[in-house]
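Novice: my questions concern the predicted model and sequence given below.
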Amino acid sequence: MIFQVMPALSDADYAALKADIDERGLMVPIEVDEDGNILDGHHRQKICNELGILCSKTIRYGLDEAGKRTHARRLNIARRHLNSEQKRELIADELRDDAGRSNLAISNALGVDDKTVAVVRQELERVSEIPKQETRKGKDGKNYKAKKPARPTGYLLIDDSDEGIKAVKARVKDVRATEQAESREKRIEHIAEISKGNTELGTTSRYPVIYADPPWRYENPPMGGTNRSIENHYPTMSLDEICAMPVTDLATDDAILYLWATAPKLAECMKVIEAWGFEYRTNMVWDKMKIGMGYHARNQHELLLIAKRGQIPPPKAGEQPASVIRIPRGKHSAKPVEFYEIIEKAYPELLKIELFCRSPREGWAVWGNQSGAAA
């Protein structure tokens, strides 16, 4: 069994190694298994035979075939004369042998950084040389759900020379660019699919009551979420796209707007109110009764902003709802039915439309990416 993990030396490198051994003798022992198979030192063994000199050997016991290859790769990675690409190939071969092991297990076995293993794994997965890691083997031999590898930062020190650093940084940049392109393609396909039932926002009818929950686009996603996770539920819109909607033509001259706002989007909601031709009046607070995530405060609420145009009257005296409504949150983005009831009680006689509707309500006109209906 041959465990040659490195390509053959060039004629010049072989001649230089032979000259060094001829002058100084064999400085690094040859490694063999218990059967005499060479694990490391094929070129040194050949040179010793050519020079007619004895060579010292170290015997490694108890390694299976995979363990022998791993041991040989670790010895070669530790040598400073290998360039970053050669070291990268040794890591790639280790992953090809057993991609089910965790990045940390492979990094410990080869003596490299686990972030470097993560980069090489992503490259091999991208070109389908190895399957995507769904599970990983633990120290106890059992399979566990694999963690998504952290995006590498800084320098991955396989080769800490200037050229090595430049090569790794260039490779990481290429991997990121490919991931971004693939992510964008999937996102566009997803938006197209869930928007098939959507139609243009018509303005042939006009409404005095407008209820809206815009699909805000978070350039810096809320803690605990990502743009990708939001897009998996519905396509998002930028502030300019929301402001450009012809809501000012959809609303009657005297109208009221109920607009949902998350805490990070409060300032942008005020711009939407102005762009749609309304003036802010007050707000209600939905206490979700369960703490969420956040950077400066852990959010537990959303705001329902109330704005008006013209002379639309407020609810009847004595029938105004409380400003804080405590209702447990439900499915992603779903708003409690109690807010529909509050609006219906305030303006039972008036036509109502819900923008960005995902669950049409009887008696309401709807428009939205999942409603399949338009005004």
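Specialist: Nice, thanks for sending it over.

Novice: avg pLDDT for the strand or helix carrying E31?
Specialist: Taking DSSP states H and E as the criterion, E31 maps to strand 30-33. For strand 30-33, mean pLDDT rounds to 86.

Novice: list the contacts of the helix or strand that that strand is followed by.
Specialist: Beyond strand 30-33 in the direction of the C-terminus, DSSP H and E gives the next helix or strand as strand 38-40. The set of residues external to strand 38-40 that reach it, using Cβ atoms under 8 Å, 6 or more residues apart in numbering, is 2-4, 30-33, 45, 60, 68, 71-72, 75-76. Every residue, glycine included, has its C-beta placed from N, CA and C.

Novice: how about a cut-off of 7 Å?
Specialist: F3, I30, E31, V32, D33, Q45, R60, K68, H71, A72, L75 (Cβ atoms under 7 Å, 6 or more residues apart in numbering).

Novice: what does stretch 305-321 give?
Specialist: Contact with stretch 305-321 is made by 208, 251, 253-259, 261, 269, 273, 277-284, 342, 345-346, as judged by Cβ under 7 Å, 6+ apart.

Novice: buried subset of these?
Specialist: In terms of neighbour count (16 or more other Cβ atoms under 10 Å), the buried residues within the contacts of stretch 305-321 are 208, 251, 255-259, 261, 269, 273, 277-278, 283-284, 342, 346.

Novice: determine which two of these are furthest apart.
Specialist: Using Cβ to Cβ, these span at most 23.2 Å, a distance reached by G277 and I342.

Novice: before we move on, back to that, quick check: of the contacts of strand 38-40, which lies closest to E123?
Specialist: The nearest member of the contacts of strand 38-40 to E123, counting by Cβ to Cβ, is A72 at 22.2 Å.

Novice: ok, the nearest residue to G41 once chain neighbours are set aside to R60 distance?
Specialist: Closest residue to G41 apart from its sequence neighbours, by Cβ to Cβ, 6 or more residues apart in numbering: I30 at 3.4 Å. Going from I30 to R60 by Cβ to Cβ, to the nearest Å gives 11 Å.

Novice: these two - which one has more neighbours?
Specialist: In this view I30 and R60 are compared by other Cβ atoms under 10 Å, and I30 has more residues nearby, 19 against 16.

Novice: so what's that one bridging to?
Specialist: Per DSSP bridges, residues listed as beta-bridge partners of I30: K57.

Novice: so, low pLDDT: which residues of the stretch 251-375 of the chain?
Specialist: Along the stretch 251-375 of the chain, segments meeting pLDDT under 70 span 331-333, 368-375.

Novice: which residue ranges of it form helices?
Specialist: Counting by DSSP state H, counting those that start in this stretch, the stretch 251-375 of the chain has helices at residues 266-275, 337-346.

Novice: which parts of the last one are buried?
Specialist: Buried residues in helix 337-346, counting neighbours by 16+ other Cβ under 10 Å, are found at F339, Y340, I342, I343, A346.

Novice: ok, and the closest non-adjacent residue to the first one?
Specialist: Spatial nearest neighbour of F339, chain neighbours left out: L304 (6.5 Å); criterion: Cβ to Cβ, 6+ apart.

Novice: I'd say L26 and S56 touch.
Specialist: Yes. In terms of Cβ atoms under 7 Å, L26 counts as a neighbour of S56; the distance is 6.3 Å.

Novice: I59 contacts V32, doesn't it?
Specialist: Yes. Checked against Cβ under 7 Å, the pair I59 and V32 is within contact range at 5.7 Å.

Novice: more crowded one of these two?
Specialist: Just comparing I59 and V32: by other Cβ under 10 Å the higher neighbour count belongs to V32, 19 against 13.

Novice: tell me the spacing between the most far-flung residue of the chain relative to its centre and G292.
Specialist: In terms of distance from the mean C-alpha position of the chain, G52 ranks first, at 58.9 Å (Cα atoms, centre = their mean). In this structure, G52 and G292 are 76 Å apart, going by Cβ to Cβ.

Novice: repeat that for I38.
Specialist: With distances defined as Cβ to Cβ, the gap from I38 to G292 amounts to 60 Å.

Novice: what about those two, which has more around it?
Specialist: I38 (20 against 17).

Novice: who does that one bridge with?
Specialist: On DSSP bridges, the residues paired with I38 through beta bridges are V32.

Novice: how far away is it from M284?
Specialist: Taking Cβ to Cβ as the measure, I38 and M284 are separated by 78 Å.

Novice: please apply the same query to P215.
Specialist: Counting by Cβ to Cβ, the gap between P215 and M284 amounts to 21 Å.

Novice: G292 now?
Specialist: As for G292, its distance to M284 is 18 Å (criterion: Cβ to Cβ).

Novice: which element is I210 on?
Specialist: With DSSP H and E as criterion, I210 is part of strand 207-212.

Novice: how far does that strand sit from the chain's center?
Specialist: 36 Å (Cα atoms, centre = their mean, to the nearest Å).

Novice: pull it out as CSV, backbone CA atoms only.
Specialist: Coordinates of each C-alpha in strand 207-212 appear next as CSV, following Å, rounded to 0.1, in the frame of the first residue of the first chain:
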residue,chain,number,x,y,z
TYR,A,207,-61.0,54.0,0.1
PRO,A,208,-61.4,56.0,3.3
VAL,A,209,-59.8,53.4,5.5
ILE,A,210,-56.4,52.0,4.6
TYR,A,211,-54.6,49.3,6.6
ALA,A,212,-51.0,48.5,5.7
